[in-house]
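the following comprises the amino acid sequence and a computationally predicted model.
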Amino acid sequence: MTELQSHRVGYALAPKKEQSFVVESFIDYAKQRGIDLIRIEPSKPLIEQGPFDCVIHKLYDEEWKKQLGEFSAENPNVVIVDPLEMIEKIHNRASMLDVFTQLKIPLKNESFGVPKQVLVEESEVLNSTNAAEELNLKFPLIAKPLLANGSLKSHEMCLVFDSEGLKSLSVPIVLQEFVNHGGVVFKVYVAGQHLSCVKRNSLPDISEEKLRTLGGTLLFSQISSFTVQENGNEEEDNSDISNIKKAEMPPMSFITDLSKALVEAMGLHLFNIDLIRDGNDRNKYYVIDINYFPGYEKIPSFETLFIDFLWDIVHENKIQVGES
Ligand SMILES: Nc1ncnc2c1ncn2[C@@H]1O[C@H](COP(=O)(O)OP(=O)(O)OP(=O)(O)O)[C@@H](O)[C@H]1O
Ligand SMILES: O=P(O)(O)O[C@H]1[C@H](OP(=O)(O)O)[C@@H](OP(=O)(O)O)[C@@H](O)[C@@H](O)[C@@H]1OP(=O)(O)O
Ligand SMILES: [Mg+2]
Ligand SMILES: [Mg+2]
(Lines give C-alpha, C1' and ligand atoms only; values in the text may rest on other atoms or scores of the structure.)
(Ligands and ions follow the chains in the order given, each with its own letter.)
Protein backbone atom coordinates (compact mmCIF):
# COMPACT_ATOMS: atom_id res chain seq x y z
CA MET A 1 0.00 0.00 0.00
CA THR A 2 1.43 3.43 -0.83
CA GLU A 3 1.52 6.17 1.73
CA LEU A 4 -0.40 9.20 0.43
CA GLN A 5 -0.17 11.55 3.32
CA SER A 6 3.15 12.43 4.91
CA HIS A 7 3.54 12.75 8.65
CA ARG A 8 4.72 15.94 10.28
CA VAL A 9 7.37 15.64 12.97
CA GLY A 10 8.30 18.89 14.71
CA TYR A 11 11.74 19.24 16.26
CA ALA A 12 12.84 21.75 18.89
CA LEU A 13 16.58 21.76 19.51
CA ALA A 14 19.37 24.10 20.53
CA PRO A 15 21.03 25.71 17.47
CA LYS A 16 24.25 23.65 17.77
CA LYS A 17 22.34 20.41 18.05
CA GLU A 18 20.03 21.31 15.20
CA GLN A 19 23.07 21.95 13.01
CA SER A 20 24.72 18.61 13.76
CA PHE A 21 21.59 16.46 13.83
CA VAL A 22 19.16 17.84 11.23
CA VAL A 23 21.47 17.38 8.25
CA GLU A 24 20.40 17.16 4.62
CA SER A 25 20.80 13.37 4.37
CA PHE A 26 18.47 13.04 7.35
CA ILE A 27 15.81 15.40 6.00
CA ASP A 28 15.93 13.68 2.58
CA TYR A 29 15.72 10.17 3.98
CA ALA A 30 12.83 11.18 6.24
CA LYS A 31 10.96 12.53 3.21
CA GLN A 32 11.46 9.27 1.32
CA ARG A 33 9.87 7.47 4.25
CA GLY A 34 6.90 9.84 4.33
CA ILE A 35 8.06 12.03 7.21
CA ASP A 36 8.38 15.81 7.02
CA LEU A 37 10.75 17.22 9.60
CA ILE A 38 9.47 20.64 10.63
CA ARG A 39 11.66 23.08 12.52
CA ILE A 40 9.97 24.52 15.61
CA GLU A 41 10.90 28.10 16.46
CA PRO A 42 11.19 27.95 20.27
CA SER A 43 10.70 31.71 20.71
CA LYS A 44 7.26 31.60 19.06
CA PRO A 45 4.09 30.03 20.48
CA LEU A 46 4.19 26.30 19.77
CA ILE A 47 0.45 26.18 19.54
CA GLU A 48 0.62 28.29 16.35
CA GLN A 49 3.24 26.11 14.66
CA GLY A 50 1.39 22.84 14.10
CA PRO A 51 -0.14 20.66 13.03
CA PHE A 52 2.23 17.90 14.15
CA ASP A 53 1.86 14.16 14.47
CA CYS A 54 4.81 14.08 16.83
CA VAL A 55 7.20 16.51 18.54
CA ILE A 56 10.79 15.64 19.42
CA HIS A 57 12.74 18.03 21.59
CA LYS A 58 15.75 18.73 23.77
CA LEU A 59 15.25 22.15 25.38
CA TYR A 60 14.93 22.71 29.09
CA ASP A 61 14.27 26.42 29.59
CA GLU A 62 11.14 27.54 31.41
CA GLU A 63 9.62 29.12 28.30
CA TRP A 64 9.85 25.85 26.36
CA LYS A 65 8.38 23.87 29.28
CA LYS A 66 5.43 26.27 29.32
CA GLN A 67 4.96 26.09 25.55
CA LEU A 68 5.07 22.31 25.53
CA GLY A 69 2.63 22.07 28.45
CA GLU A 70 0.08 24.32 26.75
CA PHE A 71 0.50 22.54 23.44
CA SER A 72 0.02 19.06 24.98
CA ALA A 73 -3.07 20.17 26.84
CA GLU A 74 -4.67 21.37 23.60
CA ASN A 75 -3.36 18.51 21.45
CA PRO A 76 -3.56 15.33 23.53
CA ASN A 77 -3.20 13.10 20.46
CA VAL A 78 0.15 14.52 19.43
CA VAL A 79 2.96 12.28 20.66
CA ILE A 80 5.56 14.18 22.64
CA VAL A 81 8.88 12.39 22.55
CA ASP A 82 9.50 12.47 25.43
CA PRO A 83 7.44 14.01 28.25
CA LEU A 84 9.53 16.52 30.21
CA GLU A 85 8.83 14.94 33.59
CA MET A 86 10.32 11.64 32.37
CA ILE A 87 13.39 13.36 30.90
CA GLU A 88 14.01 15.29 34.10
CA LYS A 89 14.40 12.04 36.02
CA ILE A 90 17.72 11.45 34.30
CA HIS A 91 19.00 14.94 35.03
CA ASN A 92 19.98 13.90 38.51
CA ARG A 93 23.08 11.72 38.74
CA ALA A 94 22.24 10.67 42.30
CA SER A 95 19.11 8.86 41.11
CA MET A 96 19.46 8.36 37.32
CA LEU A 97 20.93 4.86 37.77
CA ASP A 98 18.38 3.69 40.36
CA VAL A 99 16.29 2.14 37.59
CA PHE A 100 18.95 -0.55 37.09
CA THR A 101 18.47 -1.94 40.57
CA GLN A 102 14.88 -2.97 39.75
CA LEU A 103 15.30 -3.94 36.11
CA LYS A 104 14.42 -7.54 35.31
CA ILE A 105 15.93 -8.96 32.12
CA PRO A 106 16.60 -12.54 31.04
CA LEU A 107 20.33 -13.00 31.66
CA LYS A 108 22.55 -15.71 30.23
CA ASN A 109 26.21 -15.32 31.19
CA GLU A 110 26.09 -11.56 31.57
CA SER A 111 25.23 -9.55 34.63
CA PHE A 112 24.97 -5.82 35.16
CA GLY A 113 24.99 -3.29 37.95
CA VAL A 114 25.97 0.25 38.80
CA PRO A 115 29.16 1.35 40.56
CA LYS A 116 28.77 2.09 44.25
CA GLN A 117 27.98 5.79 44.66
CA VAL A 118 26.98 8.31 47.30
CA LEU A 119 25.54 11.82 47.09
CA VAL A 120 27.37 14.23 49.40
CA GLU A 121 25.51 17.42 50.25
CA GLU A 122 27.53 18.78 53.18
CA SER A 123 31.16 19.85 52.86
CA GLU A 124 31.97 18.73 56.43
CA VAL A 125 31.54 15.16 55.25
CA LEU A 126 34.38 15.66 52.75
CA ASN A 127 36.72 17.29 55.25
CA SER A 128 37.01 14.29 57.54
CA THR A 129 40.35 12.42 57.29
CA ASN A 130 38.46 9.15 56.96
CA ALA A 131 35.77 10.52 54.65
CA ALA A 132 35.94 7.66 52.13
CA GLU A 133 35.71 4.99 54.86
CA GLU A 134 32.84 6.81 56.53
CA LEU A 135 31.02 6.91 53.21
CA ASN A 136 31.87 3.25 52.66
CA LEU A 137 33.65 4.07 49.37
CA LYS A 138 37.02 2.92 48.04
CA PHE A 139 39.53 5.09 46.13
CA PRO A 140 39.89 5.91 43.30
CA LEU A 141 36.59 7.75 43.02
CA ILE A 142 34.98 9.84 40.31
CA ALA A 143 33.36 13.06 41.48
CA LYS A 144 30.39 13.90 39.24
CA PRO A 145 28.23 17.05 39.32
CA LEU A 146 24.81 16.24 40.75
CA LEU A 147 22.97 17.77 37.82
CA ALA A 148 23.33 16.35 34.32
CA ASN A 149 21.28 19.07 32.68
CA GLY A 150 23.21 19.71 29.49
CA SER A 151 25.37 22.55 30.81
CA LEU A 152 29.13 22.44 30.26
CA LYS A 153 29.59 22.29 34.03
CA SER A 154 27.47 19.17 34.26
CA HIS A 155 30.21 17.28 32.37
CA GLU A 156 33.13 18.55 34.52
CA MET A 157 34.34 15.62 36.56
CA CYS A 158 37.42 14.59 38.45
CA LEU A 159 39.15 11.48 39.59
CA VAL A 160 39.79 11.60 43.32
CA PHE A 161 42.73 9.59 44.66
CA ASP A 162 42.84 10.38 48.37
CA SER A 163 41.28 12.30 51.26
CA GLU A 164 43.14 15.48 50.28
CA GLY A 165 41.39 15.27 46.91
CA LEU A 166 38.02 14.90 48.61
CA LYS A 167 38.63 18.07 50.63
CA SER A 168 39.03 20.11 47.44
CA LEU A 169 35.55 19.25 46.14
CA SER A 170 32.43 21.41 46.34
CA VAL A 171 29.04 20.06 47.31
CA PRO A 172 26.59 18.82 46.16
CA ILE A 173 28.59 16.09 44.47
CA VAL A 174 28.10 12.47 43.51
CA LEU A 175 31.06 10.27 44.45
CA GLN A 176 31.23 7.10 42.42
CA GLU A 177 33.74 4.28 42.69
CA PHE A 178 36.02 4.01 39.68
CA VAL A 179 35.85 0.59 38.01
CA ASN A 180 38.81 -0.65 35.96
CA HIS A 181 37.42 -1.53 32.54
CA GLY A 182 40.22 -1.54 29.95
CA GLY A 183 39.79 2.04 28.74
CA VAL A 184 36.77 1.42 26.52
CA VAL A 185 33.19 2.56 27.01
CA PHE A 186 30.28 1.04 25.08
CA LYS A 187 27.65 3.58 24.14
CA VAL A 188 24.26 2.02 23.46
CA TYR A 189 22.14 4.47 21.49
CA VAL A 190 18.44 3.73 21.83
CA ALA A 191 15.56 5.10 19.76
CA GLY A 192 12.46 3.24 20.92
CA GLN A 193 12.80 -0.36 19.73
CA HIS A 194 15.91 0.43 17.68
CA LEU A 195 19.46 0.53 18.93
CA SER A 196 23.09 0.77 17.95
CA CYS A 197 26.16 0.14 20.10
CA VAL A 198 29.51 1.82 19.50
CA LYS A 199 32.89 1.69 21.25
CA ARG A 200 34.54 4.84 22.50
CA ASN A 201 37.62 5.97 24.33
CA SER A 202 37.41 5.97 28.13
CA LEU A 203 39.61 6.56 31.17
CA PRO A 204 42.55 4.14 31.47
CA ASP A 205 42.74 1.59 34.29
CA ILE A 206 44.29 2.61 37.59
CA SER A 207 46.27 -0.18 39.23
CA GLU A 208 46.71 -0.44 43.03
CA GLU A 209 50.36 0.36 42.48
CA LYS A 210 49.60 3.45 40.40
CA LEU A 211 47.05 4.60 42.95
CA ARG A 212 49.78 4.71 45.62
CA THR A 213 51.72 7.22 43.51
CA LEU A 214 48.73 9.44 42.73
CA GLY A 215 47.28 12.11 44.96
CA GLY A 216 44.64 14.83 44.97
CA THR A 217 42.39 15.07 41.95
CA LEU A 218 42.56 14.89 38.15
CA LEU A 219 40.07 16.93 36.16
CA PHE A 220 38.44 15.71 32.97
CA SER A 221 35.41 16.41 30.81
CA GLN A 222 33.63 14.41 28.09
CA ILE A 223 36.50 11.96 27.76
CA SER A 224 34.57 9.82 25.30
CA SER A 225 34.55 12.71 22.83
CA PHE A 226 37.67 14.75 23.56
CA THR A 227 40.88 14.81 25.64
CA VAL A 228 41.97 14.39 29.28
CA GLN A 229 43.18 17.36 31.31
CA GLU A 230 45.63 16.91 34.13
CA ASN A 231 45.23 19.37 37.01
CA GLY A 232 43.40 21.72 34.69
CA ASN A 233 46.32 22.71 32.47
CA GLU A 234 48.39 19.89 30.97
CA GLU A 235 46.61 18.39 27.98
CA GLU A 236 47.33 14.96 26.64
CA ASP A 237 45.59 12.99 23.95
CA ASN A 238 44.20 9.92 25.64
CA SER A 239 42.84 8.13 22.61
CA ASP A 240 43.87 4.49 22.45
CA ILE A 241 42.66 3.24 19.12
CA SER A 242 44.12 -0.22 19.58
CA ASN A 243 42.30 -0.70 22.92
CA ILE A 244 39.07 0.21 21.19
CA LYS A 245 39.70 -2.03 18.21
CA LYS A 246 40.54 -5.01 20.43
CA ALA A 247 37.51 -4.65 22.68
CA GLU A 248 34.78 -7.17 22.05
CA MET A 249 31.26 -5.79 21.86
CA PRO A 250 28.79 -6.88 24.54
CA PRO A 251 26.42 -9.60 23.21
CA MET A 252 23.64 -8.09 21.10
CA SER A 253 20.97 -10.10 22.95
CA PHE A 254 22.15 -8.60 26.24
CA ILE A 255 22.10 -4.98 25.10
CA THR A 256 18.79 -5.48 23.31
CA ASP A 257 17.10 -6.91 26.40
CA LEU A 258 18.63 -4.21 28.58
CA SER A 259 17.52 -1.39 26.25
CA LYS A 260 13.99 -2.72 25.84
CA ALA A 261 13.55 -3.06 29.58
CA LEU A 262 14.87 0.46 30.05
CA VAL A 263 12.50 2.04 27.51
CA GLU A 264 9.65 0.44 29.41
CA ALA A 265 10.89 1.23 32.91
CA MET A 266 11.84 4.85 32.23
CA GLY A 267 9.07 5.77 29.79
CA LEU A 268 11.77 7.32 27.57
CA HIS A 269 12.49 6.60 23.90
CA LEU A 270 15.56 8.65 23.04
CA PHE A 271 18.67 8.09 25.12
CA ASN A 272 22.00 6.38 25.29
CA ILE A 273 23.63 4.50 28.12
CA ASP A 274 27.34 4.24 28.84
CA LEU A 275 28.35 0.69 29.70
CA ILE A 276 31.75 -0.48 30.88
CA ARG A 277 32.98 -4.08 31.22
CA ASP A 278 34.52 -5.04 34.55
CA GLY A 279 38.26 -5.59 34.06
CA ASN A 280 38.13 -8.52 36.53
CA ASP A 281 35.03 -10.22 35.17
CA ARG A 282 34.37 -10.03 31.44
CA ASN A 283 30.70 -10.95 31.84
CA LYS A 284 29.99 -8.19 34.32
CA TYR A 285 28.91 -4.77 33.06
CA TYR A 286 28.41 -1.48 34.86
CA VAL A 287 26.10 1.28 33.68
CA ILE A 288 27.73 4.61 34.47
CA ASP A 289 25.63 7.21 32.64
CA ILE A 290 22.33 7.81 30.82
CA ASN A 291 21.96 10.72 28.40
CA TYR A 292 18.80 12.10 26.92
CA PHE A 293 18.72 12.63 23.12
CA PRO A 294 22.47 12.14 22.63
CA GLY A 295 24.46 12.76 19.44
CA TYR A 296 22.79 10.13 17.20
CA GLU A 297 24.48 11.62 14.15
CA LYS A 298 27.72 10.03 15.35
CA ILE A 299 26.48 6.48 14.83
CA PRO A 300 26.71 4.77 11.43
CA SER A 301 23.49 5.06 9.37
CA PHE A 302 21.82 7.14 12.03
CA GLU A 303 19.25 8.31 9.49
CA THR A 304 17.81 4.81 9.10
CA LEU A 305 17.77 4.08 12.81
CA PHE A 306 16.10 7.35 13.73
CA ILE A 307 13.55 7.36 10.93
CA ASP A 308 12.65 3.72 11.68
CA PHE A 309 11.83 4.96 15.15
CA LEU A 310 9.79 7.97 13.98
CA TRP A 311 7.96 5.73 11.52
CA ASP A 312 6.95 3.44 14.41
CA ILE A 313 5.75 6.44 16.39
CA VAL A 314 3.62 8.05 13.71
CA HIS A 315 2.14 4.73 12.57
CA GLU A 316 1.47 3.31 16.02
CA ASN A 317 -0.12 6.57 17.03
CA LYS A 318 -2.37 6.50 13.98
CA ILE A 319 -3.55 3.03 14.93
CA GLN A 320 -4.09 4.00 18.56
CA VAL A 321 -6.00 7.12 17.64
CA GLY A 322 -8.07 5.20 15.13
CA GLU A 323 -8.99 2.56 17.66
CA SER A 324 -9.94 4.81 20.55
N1 LIG B 1 32.48 4.52 37.65
C2 LIG B 1 33.30 4.69 36.63
N3 LIG B 1 34.38 3.88 36.48
C4 LIG B 1 35.24 4.05 35.45
N5 LIG B 1 35.14 5.03 34.54
C6 LIG B 1 34.10 5.87 34.64
C7 LIG B 1 33.12 5.74 35.68
N8 LIG B 1 32.23 6.73 35.54
C9 LIG B 1 32.61 7.44 34.47
N10 LIG B 1 33.73 6.93 33.92
C11 LIG B 1 34.46 7.47 32.77
O12 LIG B 1 34.22 8.86 32.74
C13 LIG B 1 33.50 9.24 31.55
C14 LIG B 1 32.53 10.34 31.89
O15 LIG B 1 31.60 9.91 32.86
P16 LIG B 1 30.05 10.12 32.60
O17 LIG B 1 29.69 9.30 31.43
O18 LIG B 1 29.36 9.85 33.88
O19 LIG B 1 30.05 11.68 32.27
P20 LIG B 1 29.18 12.57 31.27
O21 LIG B 1 29.80 13.91 31.23
O22 LIG B 1 27.76 12.50 31.70
O23 LIG B 1 29.37 11.83 29.86
P24 LIG B 1 28.57 12.09 28.47
O25 LIG B 1 29.43 12.96 27.65
O26 LIG B 1 28.45 10.69 27.94
O27 LIG B 1 27.26 12.68 28.87
C28 LIG B 1 32.86 7.94 31.07
O29 LIG B 1 32.63 7.97 29.68
C30 LIG B 1 33.95 6.94 31.43
O31 LIG B 1 35.01 7.04 30.51
O1 LIG C 1 27.20 17.06 21.51
P2 LIG C 1 27.38 15.61 21.27
O3 LIG C 1 27.02 15.19 19.88
O4 LIG C 1 28.74 15.11 21.71
O5 LIG C 1 26.30 14.82 22.15
C6 LIG C 1 26.37 14.77 23.57
C7 LIG C 1 25.18 15.50 24.10
O8 LIG C 1 25.28 16.88 23.73
P9 LIG C 1 24.19 17.62 22.81
O10 LIG C 1 22.83 17.10 23.14
O11 LIG C 1 24.36 19.05 23.18
O12 LIG C 1 24.55 17.31 21.40
C13 LIG C 1 25.16 15.44 25.61
O14 LIG C 1 24.01 16.07 26.06
P15 LIG C 1 23.96 16.85 27.43
O16 LIG C 1 24.22 15.83 28.52
O17 LIG C 1 25.06 17.86 27.40
O18 LIG C 1 22.59 17.40 27.45
C19 LIG C 1 25.13 13.99 26.10
O20 LIG C 1 23.94 13.37 25.65
C21 LIG C 1 26.33 13.27 25.53
O22 LIG C 1 26.29 11.94 25.95
C23 LIG C 1 26.32 13.32 24.00
O24 LIG C 1 27.48 12.67 23.51
P25 LIG C 1 27.43 11.14 23.06
O26 LIG C 1 26.99 10.35 24.27
O27 LIG C 1 26.47 11.03 21.91
O28 LIG C 1 28.85 10.90 22.68
MG1 LIG D 1 28.83 9.52 29.63
MG1 LIG E 1 26.17 12.07 30.51
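Yep, that arrived. Ligands and ions are numbered 1, 2, ... in the order given.

the residue nearest to Asp312 when sequence neighbours are not counted and ligand 1, how far apart?
Counting by Cβ to Cβ, 6 or more residues apart in numbering, Gly192 is the residue found nearest to Asp312 once chain neighbours are left out, at 5.7 Å. All C-beta spots, glycine's among them, are computed from the backbone N, C-alpha and C. Gly192 sits at a distance of 20 Å from ligand 1 (criterion: Cβ to the nearest ligand atom, to the nearest Å).

was I right to think Gly192 contacts Val314?
No. Using Cβ atoms under 8 Å, Gly192 and Val314 do not qualify as a contacting pair, with a distance of 11.7 Å.

run a quick neighbour tally on the residue nearest to Asp312.
Gly192 has 21 neighbours, counted by other Cβ atoms under 10 Å.

and the one 4 residues further on, by the same measure?
The criterion is other Cβ under 10 Å. On that basis, Ser196 has 19 neighbouring residues.

with Glu74 instead?
Neighbours around Glu74, by other Cβ under 10 Å: 11.

same check, this time on Leu262
Close neighbours of Leu262, defined as other Cβ under 10 Å, add up to 21.

tell me the contacts of the closest residue to ligand 2 within the chain?
When distances are taken as Cβ to the nearest ligand atom, the chain reaches nearest to ligand 2 at Gly295, 2.3 Å away. When contacts are counted by Cβ atoms under 8 Å, 6 or more residues apart in numbering, Gly295 touches 20-21.

apply 10 Å and report the result again.
Under the criterion of Cβ atoms under 10 Å, 6 or more residues apart in numbering, the neighbours of Gly295 are 17, 20-21, 187, 189, 225, 272, 302.

from these, which is closest to ligand 4?
Set against ligand 4, the nearest of the contacts of Gly295 by Cβ to the ion is Asn272 (8.6 Å).

which helix or strand contains that closest one?
Take DSSP states H and E as the rule and Asn272 turns out to sit in strand 270-277.

got any ranges where the stretch 1-150 of the chain has weak pLDDT?
In the predicted model of the stretch 1-150 of the chain, residues 1-4 satisfy pLDDT under 70.

in the stretch 151-300 of the chain, what residue is nearest ligand 3?
In the stretch 151-300 of the chain, the residue found nearest to ligand 3 is Asp289; the distance is 3.4 Å by Cβ to the ion.

doesn't Phe186 make contact with that residue?
No. Contact between Asp289 and Phe186 fails when scored by Cβ atoms under 10 Å: they sit 11.3 Å apart.
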